[in-house]
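Asker: predicted structure and sequence below. I'll ask about it afterward.
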Amino acid sequence: MTIDRRRRLLLGASLACVAGAGTLFWQYASRRPALAFEPPAEDICIVPPIRTVAAVPYDPGAGLAMLAPRPVPAEARDGRLHFRTHLGPAGSALYVVDPAGEPAIAAAEPVRDIVRYGRGVRGTYLGPTCAFTRTDPNVLVLDMCRYRLGEGAWSEEMEVWRAQREVREALGMRQVFSNGLPQRYGWALEPHPADGARLELSFAFGVDEAPSGPVYLLVEGAPWFAVRLNDSVVPTEVVGWYLDRAFHRVPLPALGVGENVLTLACAYTQYMELEDCFLLGDFGVSRDRRLTREPARLHFGDWTTQGYPHYAGSMIYHGALEYDGAGTVRVVLGEREAVDVAVHVNGAVVGHIPWEAANGLDITAHLRPGHNDVGIEVVSSPRNMLGPLHLATGREPWTDWRSFRRTDETFTPHYVLKAWGLFGQVRFERG
C-alpha cells in the first residue's frame with residue numbers, strides 16, 4: 001500500500017499496515033490559522049484502490065481508546081481511493097483503511113470554522129484589558145558585563161560570552177562554547193596552568209522604583225562566586241532554583257533607586273563556563289530595561305512591551321461570565337501567541353487549546369448558574385529569557401551555539417524578542 005504524493009500537501013504523513021488493514025496518520029505542522037489545510041478530493045488518494053475508509057478523530061488529550069471510528073465517504077476511481085479531510089494548523093487525523101469493507105456513503109460533514117463569526121452569533125467578550133496573574137517571577141536578563149583579570153583594568157561593556165572568549169584567550173585556554181573534537185569532557189576537567197586566576201564580572205542595572213518584595217540573583221554555579229551588590233557583601237546562600245536546578249537563587253539586599261552594580265568574583269578554571277545572570281522578583285521592566293512598578297492591568301497585545309520582556313512563565317487573564325443554565329458556552333480565542341492556552345473556570349483548569357483545531361472549547365459542564373470566574377492562561381516559553389536575544393534576523397529555522405554568538409551583520413545590540421499574549425478578543429460563544 002502506498003500514498004499518492006503528487007502534490008505533497010500533507011506534512012508529516014506516515015503509513016503503517018496493521019493486521020491486513022491500513023492505518024494512516026497525518027499531521028499539519030504549521031500553527032498559523034491562515035494555513036488551515038482543506039484539499040480537494042483528488043489531493044488525497046491511496047493506491048491500489050481500497051473500498052472503505054474509517055476515520056478516527058485523533059485527540060491527544062482524550063486518547064484513541066475513547067474514540068469510535070466513523071465512516072468517511074470515499075470513492076474508488078482511476079485506480080485509487082479518494083477522500084477529503086480538513087486539518088487545522090497543528091491538527092492531526094488518523095484513518096483506518098479496511099480492504100474488505102464497503103464504501104461509505106454517508107454525507108460529508110461540513111467543516112465548521114469556529115473563528116468565523118456571522119450575524120446572529122450570541123456571546124460575550126473578554127478584553128481588551130484584564131486583571132491578570134503571573135504564575136512565575138518576572139525576570140531581568142543581565143547579559144552585558146565588564147570584566148577584569150587580577151588587578152588589571154576593567155574592560156568595556158560587552159556580552160558575557162564575549163567576555164569569556166577574551167578571558168580564555170588571555171589565559172591560554174581552549175574555547176568552551178562549542179563541543180568540537182575532542183569533546184569537552186575529554187579535556188575540560190584536566191588541570192590548566194592558569195587555573196585559579198582571579199576574575200571579576202560587573203553588571204550594571206537601573207531601578208526607578210524599588211521592588212517591595214525580595215529580589216533574587218539567579219546564577220549558574222552560585223558557590224563559585226563571591227557576590228557584592230554596590231558596597232555590600234552578598235552571602236551566596238542558595239535558596240532554591242528556577243527553571244533549571246543548576247540556576248541557583250541567591251537573595252539580594254534591598255535595591256536602591258538609581259544605578260546599581262552587581263559584582264561576581266571567582267577563581268576561574270578551565271572547567272568553568274560563564275553564563276548570563278538574571279534578576280528575579282515581583283517587578284516590572286521598563287522599555288529602557290530598568291526595574292519599575294508592574295502594571296495594574298494587562299492590555300491585549302504583546303506583553304513584552306508592558307513590563308515583561310524576559311518573562312518565562314504564564315499569564316492568566318481574568319474575566320467573568322454570567323450563565324443562566326441554558327444552552328452551551330464555548331471559549332473561542334482570537335489571535336494569540338502562546339505555546340498552549342489553558343482555560344480556568346472558577347479556579348480549576350477545565351481544558352486546553354494548544355492549537356487551532358482545539359479552539360471553541362466547550363466549558364458548559366463546568367459552569368454554575370449565575371456568576372463564574374473565567375481565566376485564560378497563556379503559556380509562554382523561556383525563549384526571551386535564555387535567548388538568543390541579539391539575533392537581528394529574528395527567528396531562524398535552526399538554533400545552536402552560533403545563534404547566540406553572532407559577530408557579523410546578523411548581530412544587533414538591541415533585544416529581539418518573541419511576542420507573547422492574547423492579541424484578539426476572547427469570545428464566550430452561546431449555543
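Answerer: Right, received. Where do you want to start?
Asker: show me where the stretch 101-250 of the chain has strands.
Answerer: Along the stretch 101-250 of the chain, counting by DSSP state E, counting those that start in this stretch, strands occupy 122-126, 129-134, 138-142, 144-149, 158-159, 197-207, 215-220, 226-229, 232-234, 241-242, 244-251.
Asker: tabulate these (a markdown table), appending mean neighbour count, mean pLDDT and distance to Pro309.
Answerer: Any C-beta I mention is one placed from the backbone N, CA and C, and that applies to glycine too. Below are the strands of the stretch 101-250 of the chain laid out as a markdown table (neighbours: other C-beta atoms under 10 Å; pLDDT from 0 to 100; distance: least, C-beta to C-beta, whole Å):
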| stretch | mean neighbour count | mean pLDDT | distance to Pro309 |
| --- | --- | --- | --- |
| strand 122-126 | 15 | 79 | 24 |
| strand 129-134 | 16 | 96 | 14 |
| strand 138-142 | 22 | 98 | 8 |
| strand 144-149 | 20 | 98 | 14 |
| strand 158-159 | 18 | 96 | 17 |
| strand 197-207 | 18 | 98 | 13 |
| strand 215-220 | 22 | 97 | 16 |
| strand 226-229 | 17 | 97 | 22 |
| strand 232-234 | 13 | 95 | 25 |
| strand 241-242 | 16 | 97 | 17 |
| strand 244-251 | 16 | 96 | 19 |
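Asker: mind checking which of those strands is nearest Glu259?
Answerer: With C-beta to C-beta as the measure, strand 197-207 is the member of the strands of the stretch 101-250 of the chain nearest Glu259 (5.6 Å).
Asker: packing partners for the closest one?
Answerer: strand 138-142, strand 144-149, helix 160-171, strand 258-268, strand 290-292 (3 or more C-beta pairs under 8 Å, 6 or more residues apart in numbering; DSSP states H and E).
Asker: turn these into JSON lines, including distance to Ser178.
Answerer: JSON lines is the format used below for the helices and strands packed on strand 197-207 (distance: least, C-beta to C-beta, whole Å):
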{"stretch": "strand 138-142", "distance to Ser178": "22"}
{"stretch": "strand 144-149", "distance to Ser178": "21"}
{"stretch": "helix 160-171", "distance to Ser178": "11"}
{"stretch": "strand 258-268", "distance to Ser178": "19"}
{"stretch": "strand 290-292", "distance to Ser178": "34"}
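Asker: pick the most deeply packed of the ones you listed.
Answerer: Across these, averaging neighbours per residue (mean count of other C-beta atoms under 10 Å) puts strand 138-142 on top, at a mean of 22.
Asker: which strands border it, and is each parallel or antiparallel?
Answerer: Strand pairing for strand 138-142, using DSSP bridges, gives strand 277-281 (antiparallel).
Asker: the strand it pairs with to strand 244-251, inter-axis angle?
Answerer: Relative orientation of strand 277-281 versus strand 244-251 (axes from the mean of the first three to the mean of the last three C-alpha atoms, to 10 degrees): 60 degrees.
Asker: one step back: so which of the helices and strands packed on strand 197-207 is nearest Phe428?
Answerer: Going by C-beta to C-beta, the one of these nearest Phe428 is strand 138-142, 29.5 Å.
Asker: distance of the residue nearest to Gly196 when sequence neighbours are not counted from Val378?
Answerer: Among residues not flanking Gly196 along the chain, Ala267 sits closest, at 4.7 Å (C-beta to C-beta, 6 or more residues apart in numbering). Ala267 sits 43 Å away from Val378, going by C-beta to C-beta, to the nearest Å.
Asker: check Asp143 too.
Answerer: In terms of C-beta to C-beta, Asp143 sits 25 Å off from Val378.
Asker: neighbour count: these two, which is higher?
Answerer: Counting neighbours by other C-beta atoms under 10 Å for Asp143 and for Val378 shows that Val378 has the greater number, 23 against 20.
Asker: the more buried one against Ala419, yeah?
Answerer: No. Counting by C-beta atoms under 8 Å, Val378 does not reach Ala419; the two are 11.1 Å apart.
Asker: so what sits against both of those two?
Answerer: Glu337 (C-beta atoms under 8 Å, 6 or more residues apart in numbering).
Asker: run through this protein and note the low-pLDDT ranges.
Answerer: Residues of the chain meeting the criterion pLDDT under 70: 1-71, 79, 81, 85-122, 179-181.
Asker: outline the domain layout of it.
Answerer: Annotated domains of the chain cover 2-98, 123-137+291-430, 138-281 [automatic domain parsing].
Asker: quick check: phi and psi at the spatially most central residue of the chain.
Answerer: With distances taken as C-alpha atoms, centre = their mean, Ser381 lies nearest the centre of the chain, 3.0 Å away. Backbone geometry at Ser381, expressed as degrees, to the nearest 10, gives phi -130, psi 170.
Asker: what's the nearest residue to it if we skip its chain neighbours?
Answerer: Val339 (5.3 Å).
Asker: which ones are touching the one you found?
Answerer: 354, 379-381.
Asker: nearest to Gly150, of those residues?
Answerer: Nearest to Gly150 among those, with distances taken as C-beta to C-beta, is Ser381, at 39.9 Å.
Asker: can you verify my assumption that that closest one contacts Ser314?
Answerer: No. Look at Ser381 against Ser314 with C-beta under 8 Å: they stay out of range, at 10.2 Å.
Asker: still on that earlier bit, could I get the strands of the stretch 101-250 of the chain as a markdown table with distance to Gly307?
Answerer: Output for the strands of the stretch 101-250 of the chain, formatted as a markdown table (distance: least, C-beta to C-beta, whole Å):
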| stretch | distance to Gly307 |
| --- | --- |
| strand 122-126 | 21 |
| strand 129-134 | 10 |
| strand 138-142 | 7 |
| strand 144-149 | 20 |
| strand 158-159 | 24 |
| strand 197-207 | 14 |
| strand 215-220 | 15 |
| strand 226-229 | 23 |
| strand 232-234 | 25 |
| strand 241-242 | 19 |
| strand 244-251 | 21 |
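Asker: nearest to Met385, out of these?
Answerer: Met385 lies closest to strand 138-142 among those, at 5.3 Å (C-beta to C-beta).
Asker: just the C-alphas of that closest one, formatted as CSV.
Answerer: Below are the C-alpha coordinates for strand 138-142, written out as CSV (Å, rounded to 0.1, in the frame of the first residue of the first chain):
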residue,chain,number,x,y,z
ASN,A,138,9.5,38.4,36.5
VAL,A,139,12.9,38.4,35.0
LEU,A,140,15.6,40.9,34.0
VAL,A,141,18.4,39.4,32.0
LEU,A,142,21.9,40.5,32.8
